[in-house]
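In: Provide a 3D model corresponding to the input given below.
(chains A and B)
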Protein chains: 2
Amino acid sequence: MNRRRLLRAGVAGALGVGAVAAEAAPARAQAKRELRMVTTWPADFPGLGSAAGRLAGRIGALTRGRLTVAVHAADSLVPAFDSFDAVASGDADLYHAIESYWLAKSPAYAFFSAVPFGLTATETIAWITSGGGQPLWDALSAPFNIKPLMAGHTGSQSTGWFTREIASAEDLRGLRLALPGLGGRVMRQLGASAVALPGRDLAAALAAGTIDGVEGYGPWHSLTLGLPAAARYAYYPGVHEPGTILSVGINRELWPDLAAEDRAAIEAAALAETLTTLAEFETANARAVETLRGEGAVEPRRFPEAVLAAIGAAAGGVVAEIAAGDATTAQVYAAFLAFRRSAVTWSKVSLHAYLNARLLPFPYGAPPP
Amino acid sequence: MNRRRLLRAGVAGALGVGAVAAEAAPARAQAKRELRMVTTWPADFPGLGSAAGRLAGRIGALTRGRLTVAVHAADSLVPAFDSFDAVASGDADLYHAIESYWLAKSPAYAFFSAVPFGLTATETIAWITSGGGQPLWDALSAPFNIKPLMAGHTGSQSTGWFTREIASAEDLRGLRLALPGLGGRVMRQLGASAVALPGRDLAAALAAGTIDGVEGYGPWHSLTLGLPAAARYAYYPGVHEPGTILSVGINRELWPDLAAEDRAAIEAAALAETLTTLAEFETANARAVETLRGEGAVEPRRFPEAVLAAIGAAAGGVVAEIAAGDATTAQVYAAFLAFRRSAVTWSKVSLHAYLNARLLPFPYGAPPP
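Out: Model prediction:
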């Protein structure tokens, strides 16, 4: 426990003792704590900043104010991408972010955010919650002094917006893309260059011609960020990130120091937030697709199969390569592959087969465009 | 408030006042209540009885014991299918069940359980949570004195187990099926007879030849119930129930009488349970498919397209017919159709397109069988 935490715990402890004397209840149960949550997004960013705020509010409500979570927007308390280090050191108590931002800490974090050609939202949730993912995630983050939890999910994403047509894998060569994480590495294998840019800068960069394409935000965020006016071609499906986990990382000295009921409250709030975020993204994206089509401006195009196959082959190589780098990542990769295999087998006779069947007879009126 | 509830509230109130005097805290906050949850499943039934128990435990933990939920298995406190009436009258405080059991109260309950050729798990969760479903559900249940919440989800289901091959829609004619709810009504349109049987009786009935097919439990429950040994043909996909909501119904006089924090705790527990159940079903079904295949006994077959089209056409008719029966159901149906339309449009360029692409290049080794 570092000095800063000791000081804060001391204050909380003193309050707790006072409460005990007055109310004859356990000291720990009465201690009030203010926790500082750092995030990697602006406070008002739809779906992400709002998720952090809702999560913080729910933790406060479920602990009846024993825990108060103050949310610090990106770059306010610490620079956005220092959030991991801030929580590890105890300078902050928890972060709300996407684990792929920490690939430099360990490439295994890819498996707890999004993997190209990996698991869908439901499959990811199943793997983390009951398929063995959480213990692996705990083991990955423990040496960094962090206790991780899933606390949001974006659902399916689209591939991206391009200023040029992509008719073959050759057309990707030389493109300048705004595409962070593993998706960017995959595109580099195919001859593109890939950089990370803040969402608010994407439309301007596309319009100025400094980049030729951007990563697949869903239609909801595409509209928010003004992408349809800046790029003519919207491609799907989002194979680079089939669905992205939002996560909370909690300082691992703080975690066992919380009352069991407060840990249960944080865990329940994180599960509830995962479901709420997923529902919000799916609903808003479904409405945004209709808006895009209604305005007549954008007709999403499917990537040609040869392009998908080229991206898939490159993705397999990139992921195998990062997995070969260290024992921890190799262990997570093996578990992920085993789960993925059974999930694909199940999907083929359940969800995927159902989605195919649903388009066949379409008993509830004319199929949508 | 009926007499029984008044008496119980009186006891809780008295305890609360005593607690106030000793602890100087708000009376309402300190009142402890034991709530009686009736369910429609055996206590130990995997995925369903276990969900009710886990939900009850989480409500207790999140309220730090202010609320204790005693779970009563099917047919113990009241007959299973009297659970709705028991909660409506206040003889029980809440139920954990599937809303399709209450179709005789209102056919609109179909939309809050499962609709043939309807929404997937993620789409259902989106509709209820952020797509307008919850207010419609509240309005449906209020006249019955019940506050409903989603509190579990089964994920995708399989169509079913049959003792005969289904090569055409004609082969459904004359079949005796164990298939409750709307799925049964759809099959009756196609010339089958359909009855409801408890899960534990299905294998024996199939083996004895008194029925020719049973509804599509997923592979997890198919193994639990011994269906593979009793029927030769496993068909997919599960178009009759593409994903089923588990629900909690709470007595609507009790609900506003609870402290705001306790209502928040129940809502968070229900959201967490929805995610946890879905994860458990998806994980267990994925493993069970591999078990079924590994044993070499069962090769699931896809329904021929003509059979799917016939079921789809019948389903469209059955659902439109129930919707025409009353204004409430018509209103829910219209909202459901609108959401379904945008969900299908979104799925075609997101999840469905991704699942198609994932099978194309399959970058992580040979595709599963």
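
In: Give me the residue ranges of the stretch 251-369 of chain A where confidence is low.
Out: Across the stretch 251-369 of chain A, the ranges flagged by pLDDT under 70 are A:295-297, A:361-369.

In: show me where it has strands.
Out: A:301-302 (DSSP state E, counting those that start in this stretch).

In: Same check on the stretch 101-250 of chain A?
Out: Counting by DSSP E, counting those that start in this stretch, the strands of the stretch 101-250 of chain A are A:146-153, A:160-162, A:176-178, A:193-195, A:213-215, A:233-236, A:245-251.

In: out of those, which comes closest to chain B?
Out: strand A:233-236 (4.3 Å; Cβ to the nearest Cβ). Any C-beta I mention is one placed from the backbone N, CA and C, and that applies to glycine too.

In: Now do the closest one, average pLDDT.
Out: Strand A:233-236 shows a mean pLDDT of 93 in the predicted model.

In: for that strand, packing partners?
Out: The contact analysis (3 or more Cβ pairs under 8 Å, 6 or more residues apart in numbering or on different chains; DSSP states H and E) places strand A:233-236 against strand A:160-162, strand A:301-302.

In: Please convert these to a markdown table, extending it with distance to chain B and mean neighbour count.
Out: Shown next, in a markdown table, are the helices and strands packed on strand A:233-236 (distance: least, Cβ to the nearest Cβ, whole Å; neighbours: other Cβ atoms under 10 Å in any protein chain shown):
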| stretch | distance to chain B | mean neighbour count |
| --- | --- | --- |
| strand A:160-162 | 12 | 25 |
| strand A:301-302 | 6 | 16 |
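
In: Output these in TSV, with distance to B:A208 appended to each entry.
Out: What follows is the helices and strands packed on strand A:233-236, written out as TSV (distance: least, Cβ to Cβ, whole Å):
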stretch	distance to B:A208
strand A:160-162	58
strand A:301-302	50
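
In: List the buried residues for the longest helix along chain A?
Out: Using DSSP state H, we find that the single longest helix of chain A is helix A:260-294. Residues of helix A:260-294 classed as buried by neighbour count (16 or more other Cβ atoms under 10 Å in any protein chain shown): A:261-290, A:292-293.

In: Likewise for stretch A:103-117?
Out: A:103, A:105-117.

In: Which pair in those residues has the greatest spatial separation?
Out: Based on Cβ to Cβ, the longest span within the buried residues of stretch A:103-117 runs between A:K105 and A:F117 and measures 23.4 Å.

In: Excluding chain neighbours, give the residue nearest to A:R64 in space.
Out: Closest residue in space to A:R64, ignoring its immediate chain neighbours: B:E261 at 5.1 Å, by Cβ to Cβ, 6 or more residues apart in numbering or on different chains.

In: Please name the residues that touch that neighbour.
Out: Contacts for B:E261 (Cβ atoms under 8 Å, 6 or more residues apart in numbering or on different chains) come out as A:A61, A:L62, A:R64, B:A29, B:T63.

In: give me every residue that touches the closest residue to the second one other than its chain neighbours.
Out: Meaning A:L62. Leaving aside its sequence neighbours, A:L62 sits nearest to A:A265 (Cβ to Cβ, 6+ apart; 3.9 Å). Residues near A:A265 by Cβ under 8 Å, 6+ apart: A:I59, A:L62, A:T63, A:L67, B:L62.

In: so how many other residues sit close to the fourth one?
Out: Put plainly, it is A:L67. Residues lying near A:L67 (other Cβ atoms under 10 Å in any protein chain shown) number 22.

In: quick check: mean pLDDT across stretch A:97-115?
Out: The average of the pLDDT scores along stretch A:97-115 is 96.

In: Verify the stated contact: A:A114 with A:E241.
Out: Yes: counting by Cβ atoms under 8 Å, A:A114 does reach A:E241; the two are 3.9 Å apart.

In: so what sits against both of those two?
Out: In contact with both A:A114 and A:E241: A:G181, using Cβ under 8 Å, 6+ apart.

In: do you know how far the residue nearest to A:L62 is from A:R58?
Out: Distance of A:A265 to A:R58, given as Cβ to Cβ, to the nearest Å: 8 Å.

In: A:A51 now?
Out: 10 Å.

In: so what's in contact with those two at the same time?
Out: In contact with both A:A51 and A:R58: A:E273, using Cβ under 8 Å, 6+ apart.

In: Let me know which of the strands of the stretch 101-250 of chain A is the nearest to B:I98.
Out: Proximity to B:I98, assessed across the strands of the stretch 101-250 of chain A by Cβ to Cβ, is greatest for strand A:146-153 (24.8 Å).

In: Does the closest one reach chain B?
Out: No: contact of strand A:146-153 with chain B (Cβ under 8 Å from any Cβ of the partner chain) is absent, the minimum separation being 9.1 Å.

In: Pull out the buried residues from that strand.
Out: Buried positions in strand A:146-153, judged by neighbour count with 16+ other Cβ under 10 Å: A:I146, A:K147, A:P148, A:L149, A:M150, A:A151, A:G152, A:H153.

In: Dump those into CSV; add distance to A:D326 and pLDDT as well.
Out: Below are the buried residues of strand A:146-153 laid out as CSV (distance: Cβ to Cβ, whole Å; pLDDT from 0 to 100):
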residue, distance to A:D326, pLDDT
A:I146, 18, 98
A:K147, 21, 98
A:P148, 18, 99
A:L149, 23, 98
A:M150, 23, 98
A:A151, 26, 98
A:G152, 27, 98
A:H153, 27, 97
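
In: Can you name the residues that contact A:Q134?
Out: A:Q134 is in contact with A:I128, counting by Cβ under 8 Å, 6+ apart.

In: Next one: it from chain B, what distance?
Out: 10 Å (Cβ to the nearest Cβ, to the nearest Å).

In: Find me the pLDDT at that residue, would you?
Out: 98.

In: Please apply the same query to A:V11.
Out: Predicted confidence (pLDDT) at A:V11: the value is 35.

In: Next: A:E23.
Out: Looking at A:E23, its pLDDT reads 38.

In: Please apply the same query to A:G53.
Out: The model reports A:G53 with a pLDDT of 97.

In: Please apply the same query to the one 10 residues further on.
Out: What the model reports as pLDDT for A:T63 is 96.

In: quick one: contacts for it?
Out: Counting by Cβ under 8 Å, 6+ apart, A:T63 makes contact with A:E261, A:D262, A:A265.

In: State the distance from the residue nearest to A:L62 to A:D257.
Out: 15 Å.

In: thinking A:P300 is in contact with A:T159, fair?
Out: No: using Cβ under 8 Å, A:P300 makes no contact with A:T159, being 9.2 Å away.

In: For the stretch 151-300 of chain A, what lies in contact range of chain B?
Out: On the criterion Cβ under 8 Å from any Cβ, chain B has as its neighbours in the stretch 151-300 of chain A the residues A:155-158, A:218-219, A:236-239, A:242, A:261, A:264-265, A:267-269, A:271-272, A:274-276, A:278-280, A:282-287, A:289-290, A:293, A:300.

In: hmm, 6 Å instead?
Out: Residues of the stretch 151-300 of chain A lying close to chain B by Cβ under 6 Å from any Cβ of the partner chain are A:156, A:236-237, A:239, A:242, A:261, A:264, A:268, A:271-272, A:274-275, A:279-280, A:282-283, A:285-286, A:289-290, A:300.

In: Quickly note the distance from the residue lying closest to A:G152 once chain neighbours are set aside to A:D138.
Out: In space, and not counting its chain neighbours, A:G152 is closest to A:L246: 2.8 Å by Cβ to Cβ, 6+ apart. As judged by Cβ to Cβ, A:L246 and A:D138 stand 17 Å apart.
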